[in-house]
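K.L.:
Mind folding the following:
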Amino acid sequence: MTSHKASDALAGQWVDVEADNVLPAPSKFSSPAARLLFAISLVLIALNLRPIFSSLSVVLPEVIADTSLSTVGASLLTTLPVLCLGLFAPFAPGLAQRFGAERILMAALALVAFGTALRGIDSIALLFFGTFAAGAAIAVANVLLPGVVKHDFPEKTAIMTGFYTMAISGGSAMAAGLTLPVSHVLGSWSAALAAWAIPALLVLFLFAPQALRIKPQATRSGFKVKGLWRDRLAWQVTIFMGLQSALAYCVFGWLAPILRERGFEPTIAGGIVSLSVMVQVITCLGVPSLAIRCKNQRGVNVILMVFATVGLLGMMFAPVWSVLFWAIMQGIGQGGLIAAAMIVIVLRSPDPHIAAHLSGMAQGVGYTLAATGPLLLGLIRSWTGSFDAAALLIIALGLIGGLAGAGAGRNLHVHVHIVKSQGREKLKQSAS
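P.N.:
From the prediction side, this is the model:
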């Protein structure tokens, strides 16, 4: 039986399980220009994966006032797309194996545009349904991106991970900073929410011809990954992903209302959120290259979790004049955490196939766990009449997330088996 190491996958190879051989990965691209266009398209897809979160938070008080939505209802609305990220992530690997990752990404982007556009119709039911549809599509895209990057850009894993996580943060920042001004121009918050369907449609027109041109490649479709859900390292990666995401979605969903309750004008509050998220863009780009050069990622993960947690607490309780400092600190930590969580999925996986399954587990369970963050924060606000008691929740997320990050940063691979659907083992991927 042949032994396969991470360096094989990072060198652009794939495993022919039937022959027990390592062969060069067949190229999808007719030219370097086509490969570059595909890379740009992936980054632009990532740009559209977060506006539905941060665009809502900055107009949430107006939504509550105009729809008579209760604080509990608002908590459910902010939590719904995060919950979708967890519920629908496990379906992504199977869909990709059957139809091809590129075509599923194309379909997901179309559903993001559709669901976002539905939020512009003056209906509370369609606001919830559109948010649900877009959240489900984003869940699938989230899972597929790391595997596609590892397969098609094996020698550029760190920089590509940095670029697409940077784009994720950039999309959040744009939505946080521009939604309120756009609502003033268009005359309604619902139209401003729906406006974020436009960039998704533009990217869809760019990406669809590429996705349809690429023939789906069977990647071990007759094989299953066994043992992942019993692996300790896989669970540490999953919990790290979930709790750093819980902090992120507390920021996306509730930071603007928190700042408005502290006395900031709505536009200023949105600008502070946008600043914090824009800072994430910088660390998103830099952290993967730094992390991949380290002997392990334990220290990086823990330090970033401290920055994100302390920065959020500072914005909640520190003197008003210092909020910009804490916003920048939180952005440094949170942006780095997003990139670190994605890169550990890649680094803890021996090959793209395992990466897709670990990504499905980490994001499926992780985002379901993350959904409790904004939900509990909103419920605490409803029960106590202020956000002060939410500090205990933030501290708990930071402490447990830091411990999980230390475990996920170990220089190991998840220990799994690749087996035939009928049950005969063909390849064992062991921790190294």
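K.L.:
Would you map the helices across the stretch 201-350 of the chain?
P.N.:
Listed in chain order, the helices of the stretch 201-350 of the chain (DSSP state H, counting those that start in this stretch) span 232-261, 266-293, 298-317, 323-347.
K.L.:
Lowest average pLDDT across those?
P.N.:
Per-segment mean pLDDT for those reaches its minimum on helix 266-293, at a mean of 83.
K.L.:
what sits against S276?
P.N.:
Applying C-beta atoms under 8 Å, 6 or more residues apart in numbering to S276 gives the contacts 251, 255, 311, 315, 327-328, 330-331, 334. For every residue, glycine as well, the C-beta is placed using N, CA and C.
K.L.:
ok, now with 7 Å
P.N.:
By C-beta atoms under 7 Å, 6 or more residues apart in numbering, S276 lies in contact with 251, 327, 330-331.
K.L.:
Look up how far N411 lies from the residue nearest to the spatial centre of the chain.
P.N.:
Nearest to the mean C-alpha position of the chain, counting by C-alpha atoms, centre = their mean, stands N142 at 5.5 Å. Going from N142 to N411 by C-beta to C-beta, to the nearest Å gives 25 Å.
K.L.:
Could you pull out the buried residues of stretch 229-236?
P.N.:
Residues 231, 233-236 are the ones in stretch 229-236 that count as buried (16 or more other C-beta atoms under 10 Å).
K.L.:
before we move on, the earlier item: what's the closest of the helices of the stretch 201-350 of the chain to G187?
P.N.:
Closest approach to G187 among the helices of the stretch 201-350 of the chain (C-beta to C-beta): helix 266-293, 15.7 Å.
K.L.:
Please point out which parts of that closest one sit buried.
P.N.:
Using 16+ other C-beta under 10 Å as the test for burial, helix 266-293 gives 266, 269-288, 290-292.
K.L.:
swap in stretch 203-216?
P.N.:
203-204, 207-208, 210-211, 214, 216.
K.L.:
and which of the residues you listed is nearest to P154?
P.N.:
Among these, and counting by C-beta to C-beta, the member closest to P154 is I214, at 17.0 Å.
K.L.:
these two touch, right, that closest one and A34?
P.N.:
No: checked against C-beta atoms under 7 Å, the pair I214 and A34 is beyond contact range at 9.9 Å.
K.L.:
mind listing what S289 touches?
P.N.:
158-159, 162.
K.L.:
Now with 10 Å, please.
P.N.:
158-159, 161-162, 339, 343 (C-beta atoms under 10 Å, 6 or more residues apart in numbering).
K.L.:
likewise S54?
P.N.:
S54 neighbours (C-beta under 10 Å, 6+ apart): 169, 171-179, 196, 248-249, 251-253, 255-256, 270, 273-274, 277.
K.L.:
how about 6 Å then?
P.N.:
172, 175-176, 252 (C-beta atoms under 6 Å, 6 or more residues apart in numbering).
K.L.:
May I ask which of those has the most neighbours?
P.N.:
Within those, S172 tops the neighbour count with 32 neighbours, counted by other C-beta atoms under 10 Å.
K.L.:
Run the angle between the helix or strand hosting L127 and helix 323-347 for me.
P.N.:
Using DSSP states H and E, L127 falls within helix 124-152. Orientation note: helix 124-152 sits at an angle of 50 degrees relative to helix 323-347 (axes from the mean of the first three to the mean of the last three C-alpha atoms, to 10 degrees).
K.L.:
Identify each buried residue in the following helix or strand past helix 124-152, please.
P.N.:
Moving toward the C-terminus from helix 124-152, the next helix or strand (DSSP H and E) is helix 157-186. Residues of helix 157-186 classed as buried: 157-180, 182-183 (neighbour count, 16+ other C-beta under 10 Å).
K.L.:
Average pLDDT for helix 157-186, rounded please.
P.N.:
84.
K.L.:
From the chain's centroid, how far away is that helix?
P.N.:
Averaging C-alpha positions (C-alpha atoms, centre = their mean, to the nearest Å) puts helix 157-186 13 Å from its chain's average.
K.L.:
what angle separates it from helix 124-152?
P.N.:
Counting by the same axes, to 10 degrees, helix 157-186 lies at 160 degrees to helix 124-152.
K.L.:
ok, then the element right after helix 157-186?
P.N.:
Using DSSP H and E, the helix or strand that directly follows helix 157-186 along the chain is helix 189-194.
K.L.:
got the buried residues for that following helix?
P.N.:
Buried-residue list, helix 189-194, by 16+ other C-beta under 10 Å: 189-194.
K.L.:
Contacts for it next, please.
P.N.:
Under C-beta under 6 Å, 6+ apart, the answer for helix 189-194 is 55, 59, 62, 117, 119-120, 122, 179, 182-183, 186.
K.L.:
is it possible to export those residues to a markdown table including distance to L76?
P.N.:
Shown next, in a markdown table, are the contacts of helix 189-194 (distance: C-beta to C-beta, whole Å):
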| residue | distance to L76 |
| --- | --- |
| S55 | 17 |
| V59 | 17 |
| E62 | 18 |
| A117 | 21 |
| R119 | 15 |
| G120 | 20 |
| D122 | 19 |
| T179 | 20 |
| V182 | 25 |
| S183 | 22 |
| L186 | 26 |
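K.L.:
and which of these is nearest to H415?
P.N.:
S55 (41.0 Å).
K.L.:
Does the nearest residue to A234 once chain neighbours are set aside belong to a helix, a strand or coil?
P.N.:
Spatial nearest neighbour of A234, chain neighbours left out: V414 (4.8 Å); criterion: C-beta to C-beta, 6 or more residues apart in numbering. Three-state call for V414 (DSSP: H, G, I helix; E, B strand; the rest coil): coil.
K.L.:
could we number from 21 for the rest of this?
P.N.:
With 21 as the first residue, the last one maps to V434.
K.L.:
how much space is there between A268 and L324?
P.N.:
Using C-beta to C-beta, A268 is found at 12 Å from L324.
K.L.:
Kindly state the pLDDT recorded for L447?
P.N.:
44.
K.L.:
Low-confidence regions, the stretch 21-170 of the chain specifically.
P.N.:
21-47 (pLDDT under 70).
K.L.:
hmm, try it at 50
P.N.:
The model of the stretch 21-170 of the chain has pLDDT under 50 over residues 21-45.
K.L.:
for it, what spans make up the strands?
P.N.:
Here the stretch 21-170 of the chain has its strands, by DSSP state E, counting those that start in this stretch, at 33-36, 41-44.
K.L.:
ok so, going back, any chance of the buried residues of helix 209-214 in a markdown table, with pLDDT and distance to R318 too?
P.N.:
Formatted as a markdown table, the buried residues of helix 209-214 follow (pLDDT from 0 to 100; distance: C-beta to C-beta, whole Å):
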| residue | pLDDT | distance to R318 |
| --- | --- | --- |
| W209 | 91 | 43 |
| S210 | 92 | 45 |
| A211 | 93 | 46 |
| A212 | 93 | 42 |
| L213 | 94 | 40 |
| A214 | 94 | 43 |
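K.L.:
Thanks a lot, see you next time.
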